[in-house]
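>>> 3D model of this:
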Amino acid sequence: MLLQAYRKSIEAALQVAIFEMGEKNQLRDACEYTLSCGGKRIRPLIVLMVAEALGLGRNVLPAALSVEFFHTASLIADDLPCMDNDDFRRNRPSLHKAFGESVAILSSYTLIAAGYEGIHQNAVLMRQDPLFEKRANGALFLCLGAATRCAGIQGATNGQFLDLFPPDATEETVCKIIYQKTVTLFEIAFIFGWLFGGGSACQVDSLKRAAYHLGMAFQIGDDLDDDLQDASSQNSKGVVAVWGREKATSRFIEEIALFKSSLEQLGLWTASFQELYSFLFKASKIGPVSPVGGF
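You can find the predicted model right below:
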């Protein structure tokens, strides 16, 4: 249950971060509401797991929270009536249903800004350590670049646009949507954990590959699970609708194997990542696996 321990540290840090956002008002209450509605916290966990695997004792909690802030901001936007029009998120009313659309939109802005502040905070922490102060500016430069690219029109924003207005239902379009909406947030999680954890910038491309395979496996597995749950509706969704269940299952197995291989090459095949690997298999419900833990 290593992932549970990481998650507890994230939950505790989130409560402190919410308090530090400013005076209590409806906007801060909305941020607290949306950040406290559960979730697996896989993206911030990856930041912590990567840094711990490096073994350099770096504090990367601010960067981990940044990833969660970016992710939560995207969910707020996704749920809006003008987007996916979802009234519920994780068994509770969506933020715009609980606080209104205006406050929901402002909350997403607040969390995006808080995400960038977390990157700055982690760079300051790094600069204060004599062993890593010379790497701080480089880490800050690369992490800011990654966050800006992955959150913008090359990443999650355009991914949501394509999801709303797909030009076609081809495999190429489906994969592009998965990459931009899902993979990019995993990408910044790996990059933040690695660079603020003291890792070398020369491995960034390898980190992107690991994130790509994880993100693809994560989304395909999620779609496979959704397809089983919605079997009675006769309407497959996501990659299952385009590829069929057999091909989607095959692609999931391929991507998760490549994810494992990428971690091994980076020296990140730790017990916590092995637990995440098992969790993904279990969550996809594609077949037997002996999980070493889970949520």
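>>> what mean pLDDT does the helix or strand containing Asp205 get?
Take DSSP states H and E as the rule and Asp205 turns out to sit in helix 204-229. Averaging pLDDT along helix 204-229 gives 91.
>>> what does the next helix or strand after it contact?
Using DSSP H and E, the helix or strand that follows helix 204-229 in sequence is helix 238-243. If you take CB atoms under 8 Å, 6 or more residues apart in numbering as the criterion, helix 238-243 is touched by 169-171, 174, 178, 219-220, 222-224, 226-227, 235, 248, 251. C-betas here are computed from N, CA, C, even on glycine.
>>> how about helix 238-243: buried residues?
Across helix 238-243, burial judged by 16 or more other CB atoms under 10 Å covers Gly238, Val239, Val240, Val242, Trp243.
>>> and what of stretch 155-164?
Gly155, Ala156, Thr157, Asn158, Gly159, Gln160, Leu162, Asp163.
>>> same check, this time on stretch 181-198
Buried residues in stretch 181-198, counted by 16+ other CB under 10 Å: 181-198.
>>> need the worst-confidence member of the buried residues of helix 238-243.
Scoring the buried residues of helix 238-243 by pLDDT puts Gly238 last, at 76.
>>> ok so, going back, ranking the contacts of helix 238-243 by neighbours, who comes first?
Counting neighbours by other CB atoms under 10 Å, Ile220 comes out on top of those with 30 neighbours.
>>> how close does Ser102 sit to Gln160?
20 Å (CB to CB, to the nearest Å).
>>> tell me which element the residue nearest to Gly155 when sequence neighbours are not counted falls in.
Nearest non-adjacent residue to Gly155, counting by CB to CB, 6 or more residues apart in numbering: Thr184, 3.9 Å away. Assigned by DSSP H and E, Thr184 belongs to helix 184-196.
>>> other SSEs contacting that helix?
Under the contact criterion of 3 or more CB pairs under 8 Å, 6 or more residues apart in numbering; DSSP states H and E, helix 184-196 touches helix 42-54, helix 61-79, helix 101-127, helix 133-151, helix 156-164, helix 204-229.
>>> mind listing residues that contact the fourth one?
Looking back up the chat, that one is helix 133-151. With CB under 8 Å, 6+ apart as the test, helix 133-151 has contacts from 63, 66, 70, 112, 115-116, 119-120, 122-124, 126-127, 155-157, 184-185, 187-188, 191-192, 195-196, 198, 201, 204.
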